[in-house]
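[1] Kindly return the folded structure for what I paste below:
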Amino acid sequence: MIGPEAQRARAQLKYWWLAWGVVGLSLMTIYFTLGSAPSLAGSASSHPLIGLIGLVPLFLSIIIRWLLLPRCPHLKAALPWFIVGLALAEAAGILGALLGGVYRANLCILGLLGFLQYAPTFARQYLAPKPTGYIPNN
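    As a prediction, the model looks like this:
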């Protein structure tokens, strides 16, 4: 990209960083606000796997980040997947804080790690010019 297109893409990348920071701040705020509150899951004896419900959005978030986002051809096509994956990673942390029970701290840490994988450092690949034409094999 050259000229105004590159400037627009760099500006859009700043919004990616802004969204990432806001989601991280909200995830930390929710965890530290609800950290000492009793879990909504109730006792672990009612259903032992209800505390692990946060793993489902985390797994979907990982699939989006490592399988779908690298295959997007440009920044506009990657933005919706970035937002959905980021929201799923945040949902894993929130569900961990609310329904985690005995797994609360572990699920919140996994949600935070799921969130950290979405740091928009990978988005620089969309700003670099794509090679075209004949490239000989070496």
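[2] use CA for all of it now, contacts and neighbours both
    OK.
[3] which SS class is Pro48?
    Recorded secondary structure, Pro48: coil (DSSP: H, G, I helix; E, B strand; the rest coil).
[4] and it, how many neighbours does it have?
    Neighbour count of Pro48, defined by other C-alpha atoms under 10 Å: 12.
[5] Looking at it now. What's its pLDDT?
    With respect to pLDDT, Pro48 scores 70.
[6] Next, work out how far apart it and Tyr103 are.
    10 Å (C-alpha to C-alpha, to the nearest Å).
[7] any idea of the mean pLDDT for the biggest helix by length in the chain?
    When the chain is scanned for its longest helix (criterion: DSSP state H), the result is helix 4-34. For helix 4-34, mean pLDDT is 88.
[8] And the next helix or strand past it?
    Downstream of helix 4-34, the first helix or strand assigned by DSSP states H and E is helix 55-63.
[9] for Ala105, helix, strand, or coil?
    Following three-state DSSP, we place Ala105 in the helix state.
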